[in-house]
Structure formats: C-alpha cells, structure tokens
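[1] Sharing a model that was predicted from the sequence below.
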Amino acid sequence: MKVAIDGPAGSGKSTVAKLLAKELGFEYIDTGAMYRALAWKMLKHGYSYESKTDIEKVIQNTIFSFESPNLLMDNATIGDEIRTSEISLLASKIATISEIRAFLTREQRKLAENRDLVMEGRDIGTVVLPDADYKFYITASPEERAKRRYNQLKKMGIDADFNAILREISFRDKNDSSREIAPLKPADDAIVIDTTEMPLNEVIKLILKRMKFQ
C-alpha cells in the first residue's frame, strides 16, 4: 500500500508522515531530503546548478538507496547537514531543473517498489506516485509554518531567525507553486488538511479515519 503526503515547507507533513508510517507499520521516505541532499552535494563539490555539464555529472555520480529507517546517498546516511536555510534555498532552486526532477522522480519510484510506505514531498500524489492508494495534502498558515521550523531548528541547536524563516517560506511557496515542472499543488483526489490550529494527534486520527483504520 502506498500513501502519498504532500504540502508546502514547514506544514508539518514530515512529522505527520513519520508518525503515520509508525502507526501503520509502513516504511517512511522523505523525498524532500533527496533534493536537499543533492543540493548539499552540489554545494560541497562546487557544482553549479546553472551548468548543464555539472548537472549531468552529479546525476551520473549519485546513488540513492534505502535501508530502513535510513535514506542514503552514495551509501552514506543523510543527516542533519542538509537542514540549513542555505541548503533549503538551493534545494528549491534545483527543484526547478527538469533533469534533476526527472532523475529524482525515477529514484523515488524505485525506492517505492515492493514496499508498504508513506512517502512525503511536494509532488508525490501528482507526479511520483499518481496511483497511490491514499493521498493527503498537509498545509498551514505561513506564520504557523515559520514558527514550527524556527522551533525545530532551535531544538537541533541551529541558530535561527523567525522573520528570515518566514521570508524563506514565502519565497519557497512562490517558487514551488509557480514552477512549470511539477508545481506544488494538491492532487485532484487528495484530501486537504489544514493543521494551523490542529494538534498533531488530531491530524493523525483524522487521516486514519479517512483511511478507515479507526
């Protein structure tokens, strides 16, 4: 069984997806981490997202795999090094590049093969797994999402500025929803859930109810 969870930056979809996967006993895969990891690799090795040659090089020399519960790139576990604001912005930029999207979509579909899983991202229900058994679109107000991201970064020991995060989220919303390739939007058959004033446990209960597990 495949469950697709999409939504904008900071909407809480990652937390929801993780808890839902645990509740169902499914695997959990965060596709956003794949874009972030690729952005981190390009930055680390001096690859330019404006160079077709560099894009071809990074695609040809990158391997993603999954060893539950870890997502790996080039046989190394992807960690918190990808969770900075700099990487977030770069990930949003490379997500507009058709070659990178095609590459990561193929990789994501491979990871989903022969698994019961909850996969989350921005185009899972619309592009990556259009035939998913269940599709949910998790959203919240920009201010609430900025507050959540701020608290998340502080817990990780990363310096954060609320207003900067809010500006970043607004930029990513515009960038993700207006791109020509796989724009951020709910799938036509997705269930949209606004979590702005909804406790996390209520979100999980609602999803399970829609899936008829409760």
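    Nice, thanks for sending it over.
[2] Show me where this protein has its helices.
    For the chain, the helices defined by DSSP state H occupy 13-24, 31-44, 52-60, 85-94, 98-112, 142-155, 162-178, 200-210.
[3] how about those helices, which one is nearest D74?
    Closest to D74 of these, according to Cβ to Cβ: helix 31-44, at 7.9 Å. Quick note: C-beta positions are derived from backbone N, CA and C, even for glycine.
[4] Pull out the buried residues from that closest one.
    31-42 (16 or more other Cβ atoms under 10 Å).
[5] Point out where the chain drops to low pLDDT.
    Along the chain, segments meeting pLDDT under 70 span 213-214.
[6] dump the residue contacts of S92.
    171-172, 175-176 (Cβ atoms under 8 Å, 6 or more residues apart in numbering).
[7] Figure out which of the helices of the chain is closest to A76.
    Nearest of those to A76, taken as Cβ to Cβ: helix 31-44 at 9.4 Å.
[8] between that closest one and helix 98-112, how many degrees?
    On the basis of axes from the mean of the first three to the mean of the last three Cα atoms, to 10 degrees, helix 31-44 is oriented at 130 degrees to helix 98-112.
[9] Give me the helices and strands touching helix 31-44, please.
    helix 52-60, strand 70-73, helix 85-94, helix 98-112, strand 117-121 (3 or more Cβ pairs under 8 Å, 6 or more residues apart in numbering; DSSP states H and E).
[10] out of those, nearest to E23?
    strand 117-121 (9.4 Å).
[11] Mind giving me the packing neighbours of that closest one?
    On the basis of 3+ Cβ pairs under 8 Å, 6+ apart, strand 117-121 makes packing contacts with strand 2-6, helix 13-24, strand 27-30, helix 31-44, helix 98-112.
[12] State the distance from the residue nearest to L166 when sequence neighbours are not counted to Y134.
    Once flanking residues are discounted, L166 sits nearest to A146: 4.0 Å by Cβ to Cβ, 6 or more residues apart in numbering. A146 sits 28 Å away from Y134, taking Cβ to Cβ, to the nearest Å as the criterion.
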